[in-house]
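*Asks:* Compute the structure for the input listed below.
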Amino acid sequence: MKKYYIFQDEKSQKFWIIENDALKITTHYGRIGTNGQIKIKDLQTQEEADKEFTKLINQKVKKGYVETNQENIFNSKDESKRYALSCDEVWDDEKGIEDLILKIKKDKKIENYKHITIGMWGEGYEDDCQPLLDYFVENKDTFNNLETLFIGDMDYEECEVSWIEQGDYTEIFKSLTNLKKIKIKGANNLKLSPINHEKLEHLEIICGGLPKTIFSELSQSNLPNLKTLILYMGIEDYGFDGSIEDIKLILKKELFPSLENLELINSNLEDEIVEEVLNSNILSQLETVSFSYGTLTDKGGATILNNIDKCENLKKITIEYHYLSKEMEKELKGKLSNITISNREDEDEWKTPMLTE
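*Replies:* Residues are numbered from 1 along each chain as shown. I've put the predicted structure just below:
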């Protein structure tokens, strides 16, 4: 038996093929457009081979691989690209954002990419990404096929999330008219302006502190096809200067008429966020909500229980990293079949969201 799988995100497109034949498990994997690699594992019995076959498939599916066919894999083009400088290039060779832009300019396949990720562009805690944003705008015809843009894909060693200097995305939304997904990491000096974009379906901002200007800008935006909104709130020490009143500005179905997935997460106001979301008029159109990575306590848990009739209409509620008691967690799981709760933090005086610095 042979099965074919493909994985696609804004960074890469990969294939994975697995075959169970004659007590051998053969896997063939790699990036779309390459020959990839092959591994063979010999098993002693057919039962062992079948178990290994199933186990490996389940592992890939959990990681986001989707079953397909041979034709789709070998006829597919690699449409994803990640551009970044290495730590050695930045710190030893003193390369910066202009060097990264030069890398992009030299890529002869640039017009083919639908999904682009930008990683380390220099010393991100000192140098903002505005020259990169300006480059995309100035060359908008080159990026006419672009559907996904992720700016700021840096790990802790490259630049801590709350130190990343961002930029002004006003012209990005005006110029990249086919954009469907944008993901931004870091919020220092981040500006969106009221967004008017017909095709944008996914907006995600990952940070340790979201400025309240972002809520104001979103509340004045026109995003008729936005399906997913993910906002990491963070805390005051790292840039969050808003209140629950600012968050309420965006909880309106007339503002996001197509919204299905809402994640207002990583907040020390998570209890208050639960209450406002469950009492908002946007709830009726949502399929999934997440109250994760913040300081959700039994107060927020009780709000969910008191609004259980509203919660039952959701396909999925996710609570990952929280301060619920064991008793509250058990009660929520017992009364709601659509809720997933994991990673409980120990109760202490200094409750903090998962991602801050």
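
*Asks:* Show me where the chain dips below the pLDDT cut-off.
*Replies:* The model of the chain has pLDDT under 70 over residues 75-78.

*Asks:* Show me which positions of the lengthiest helix in it end up buried.
*Replies:* Across the chain, the helix with the greatest residue count (assigned by DSSP state H) is helix 46-62. Neighbour-count burial for helix 46-62, counted by 16 or more other CB atoms under 10 Å, picks out 49, 53, 56-57, 60. C-beta: built from backbone N, CA, C; applies to glycine.

*Asks:* Likewise for stretch 190-202?
*Replies:* So for stretch 190-202, counting by 16+ other CB under 10 Å, buried means 190, 192-193, 195, 197, 200-202.

*Asks:* Just send the residues you listed back as TSV, with distance to residue 132 too.
*Replies:* Shown next, in TSV, are those (distance: CB to CB, whole Å):
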residue	distance to residue 132
190	14
192	16
193	18
195	19
197	19
200	19
201	23
202	20
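
*Asks:* related to what we said a few turns ago, next helix or strand past the longest helix of the chain?
*Replies:* Elements were assigned by DSSP states H and E; along the chain past helix 46-62, the next helix or strand is strand 66-68.

*Asks:* Quickly run through the sheet partners of that next one, with directions.
*Replies:* Strand 66-68 sits in its sheet next to strand 2-8 (antiparallel), going by DSSP bridges.

*Asks:* Keeping just the C-alphas, turn the following helix or strand past the strand it pairs with into PDB.
*Replies:* Using DSSP H and E, the next helix or strand after strand 2-8 towards the C-terminus is strand 13-21. Written as PDB, here are the backbone C-alpha positions of strand 13-21 (Å, rounded to 0.1, in the frame of the first residue of the first chain):
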ATOM      1  CA  GLN A  13       5.700  23.100   0.400                       C
ATOM      2  CA  LYS A  14       6.800  19.500   1.200                       C
ATOM      3  CA  PHE A  15       5.800  16.100   0.000                       C
ATOM      4  CA  TRP A  16       5.800  12.800   1.900                       C
ATOM      5  CA  ILE A  17       5.100   9.400   0.400                       C
ATOM      6  CA  ILE A  18       4.900   6.200   2.400                       C
ATOM      7  CA  GLU A  19       4.700   2.600   1.200                       C
ATOM      8  CA  ASN A  20       4.000  -0.600   3.200                       C
ATOM      9  CA  ASP A  21       5.300  -3.500   1.100                       C
END
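
*Asks:* My guess is residue 9 contacts residue 63. True?
*Replies:* No - with contact defined as CB atoms under 8 Å, residue 9 does not reach residue 63; the gap is 10.3 Å.

*Asks:* which one of those two has more residues nearby?
*Replies:* Set residue 9 next to residue 63 and count neighbours by other CB atoms under 10 Å: residue 9 wins out with 14 against 11.

*Asks:* Contacts only, for the more buried one.
*Replies:* With contact taken as CB atoms under 8 Å, 6 or more residues apart in numbering, residue 9 is in contact with 64, 80, 115.

*Asks:* can you list these in JSON lines and add neighbour count?
*Replies:* Below are those laid out as JSON lines (neighbours: other CB atoms under 10 Å):
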{"residue": "64", "neighbour count": "12"}
{"residue": "80", "neighbour count": "19"}
{"residue": "115", "neighbour count": "23"}
